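**Student:** task: produce atomic coordinates for the following.
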Amino acid sequence: MKVLVIRFSSIGDIVLTTPVLRGLHQQLGAEVQVLTKEPFLPVLQSNPNVSKVWTIRQSVWECAAALRAEGFDAIVDLHHNMRSFQVRALLPGVRYHAFPKLNLEKWLMVRFKWDWLPRIHIVARYMQAVRALGVKEDGQGLDYFIPPEEEVLLASLAADSTLDVRSKEQLVQGDYVALVVGAAHGTKRIPRIKVEAFCRTSTRPVLLLGGAAERAEGEQVAAAFASRVINTCGQYRLPQSASLVRQSRVVVTSDTGLMHIAAAFQKPIISVWGNTIPEFGMTPYYPIGMQRNTSVEVKGLDCRPCSKIGYKTCPKGHFRCMLELEIPSPDTLLPKNGATKP
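**Tutor:** Sure thing, here's the model as predicted:
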């Protein structure tokens, strides 16, 4: 069986498809190919359950002829938008399977705060798309694979830093906090004042993770806490940032792709929720029987959620959903021996 799985974006959403990819390949022995956007190729290119990744820049017509030539037996649409419908039209006669997207329920929650959302994780909804093919949830959680050449050496990172001696020792031992300050939307980003407050009280060194957009702010925070904070924003590719997440003791992150990568590595997570809410079904997803996420949010705001995705800035101008929350110390999750509390 040859299956085309469609998920165009983004990092976290693609990581959340990995139980489906694994199930198709390992349970059915299927040859799994994925169609996504070009920037997200690194998320999938090392996945052993995927034989080929097709990428587009703007239009599915860029690879239309090549897709027709593959002779797919089934399409699994995990994006379910107009672009993926175009793929279905390009491959007439191929069995088509999609997942319930809950656009109406999310719109009602955002627009009127009417909570008709089913309490079901998006991974479970993704799995509904392959149920008819005979694939079952295996309970193993998410996958993320880092090429060996992309692993970051903590000893080198520590040696080049301004950390004090104790913090360098902790970093090399992996006893540090990965604090994700980057996000695709401004209303998902943890504000600088909250980042600084966390760094001020942290008993472990803190590595700031983000993109080029967060680099300047990250440098300012690192300069203020030079003995305990390293800014990596904009300095590493995605697999390298994933390596820093994998080697950390605990991850503090908003609703981002690195949050789901952290869950794939089964890390303890403090997830910080701003304009989005856990009820959308996008919380960190662990193997069955494991729960290492602590969600932090400001409840009771009549403007929240303001979007199912996010905005550049707070539509109300006050950003209370982030500015009023308190990020707990990882010490409440990690006893002295480093084990995670149940």
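**Student:** and this structure, split by domain according to the record?
**Tutor:** Domain ranges of the chain: 2-133, 148-332, per automatic domain parsing.
**Student:** give me whichever of the ones you listed is most buried.
**Tutor:** domain 148-332 (a mean of 19; mean count of other C-beta atoms under 10 Å). In this view, the C-beta of every residue, glycine as well, is placed from N, C-alpha and C.
**Student:** leaving out chain neighbours, which residue sits closest to Glu62?
**Tutor:** Ile56 (4.9 Å; C-beta to C-beta, 6 or more residues apart in numbering).
**Student:** and the residue nearest to Ala98 when sequence neighbours are not counted, what does it touch?
**Tutor:** Leaving out its chain neighbours, the residue that sits closest to Ala98 by C-beta to C-beta, 6+ apart is Asp77, at 4.2 Å. For Asp77, the contact set (C-beta atoms under 8 Å, 6 or more residues apart in numbering) comprises 6, 84, 87-88, 96-99, 129.
**Student:** contacting residues for the residue nearest to His185 when sequence neighbours are not counted?
**Tutor:** In this structure, His185 finds its nearest non-sequential neighbour in Gly310, 2.7 Å apart by C-beta to C-beta, 6+ apart. Gly310 makes contacts with 183-188, 274-276, as judged by C-beta under 8 Å, 6+ apart.
**Student:** try 6 Å
**Tutor:** Neighbouring residues of Gly310 by C-beta atoms under 6 Å, 6 or more residues apart in numbering: 185, 187-188, 275.
**Student:** can I get the residues you listed in CSV including secondary structure and pLDDT?
**Tutor:** As requested, the contacts of Gly310 are arranged in CSV below (DSSP: H, G, I helix; E, B strand; the rest coil; pLDDT from 0 to 100):
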residue, secondary structure, pLDDT
His185, coil, 93
Thr187, helix, 96
Lys188, helix, 96
Asn275, coil, 96
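**Student:** export those as TSV, with columns for distance to Ile146.
**Tutor:** TSV is the format used below for the contacts of Gly310 (distance: C-beta to C-beta, whole Å):
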residue	distance to Ile146
His185	26
Thr187	29
Lys188	24
Asn275	30
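**Student:** just give me the closest of those to Asp255.
**Tutor:** Asp255 lies nearest to Lys188 out of the contacts of Gly310, by C-beta to C-beta, at 5.3 Å.
**Student:** for Cys321, see how far away the closest one is.
**Tutor:** Separation of Lys188 from Cys321 (C-beta to C-beta, to the nearest Å): 10 Å.
**Student:** where do the contact lists of the two overlap?
**Tutor:** Contact criterion C-beta under 6 Å, 6+ apart; residues shared by Lys188 and Cys321: Gly274.
**Student:** which residue, other than its chain neighbours, is closest to Glu219?
**Tutor:** In space, and not counting its chain neighbours, Glu219 is closest to Asn231: 5.3 Å by C-beta to C-beta, 6+ apart.
**Student:** what's the spacing between that neighbour and Val76?
**Tutor:** Applying C-beta to C-beta, the value for Asn231 to Val76 is 40 Å.
**Student:** who does the residue nearest to Glu62 form a beta bridge with?
**Tutor:** Under the criterion DSSP bridges, Ile56 forms beta bridges with Lys37.
**Student:** that one and Leu67 touch, don't they?
**Tutor:** No: counting by C-beta atoms under 6 Å, Ile56 stays clear of Leu67, with 10.3 Å between them.
**Student:** low pLDDT regions in the protein?
**Tutor:** 335-342 (pLDDT under 70).
**Student:** in it, which spans are strands?
**Tutor:** Along the chain, counting by DSSP state E, strands occupy 2-6, 31-37, 52-56, 74-77, 95-98, 177-180, 206-209, 229-231, 250-254, 269-273, 293-297.
**Student:** distance to Ser167 added to those strands, as a markdown table?
**Tutor:** What follows is these, written out as a markdown table (distance: least, C-beta to C-beta, whole Å):
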| stretch | distance to Ser167 |
| --- | --- |
| strand 2-6 | 43 |
| strand 31-37 | 38 |
| strand 52-56 | 39 |
| strand 74-77 | 46 |
| strand 95-98 | 49 |
| strand 177-180 | 11 |
| strand 206-209 | 9 |
| strand 229-231 | 9 |
| strand 250-254 | 15 |
| strand 269-273 | 20 |
| strand 293-297 | 24 |
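**Student:** can you give me the helices in this protein?
**Tutor:** 11-15, 18-28, 41-44, 64-70, 82-90, 103-112, 122-128, 154-159, 165-172, 192-201, 215-224, 238-247, 257-264, 320-323 (DSSP state H).
**Student:** now these as TSV including distance to Val34?
**Tutor:** Shown next, in TSV, are the helices of the chain (distance: least, C-beta to C-beta, whole Å):
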stretch	distance to Val34
helix 11-15	8
helix 18-28	7
helix 41-44	6
helix 64-70	12
helix 82-90	12
helix 103-112	23
helix 122-128	13
helix 154-159	32
helix 165-172	35
helix 192-201	34
helix 215-224	30
helix 238-247	16
helix 257-264	16
helix 320-323	34
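**Student:** perfect, I'm done here.
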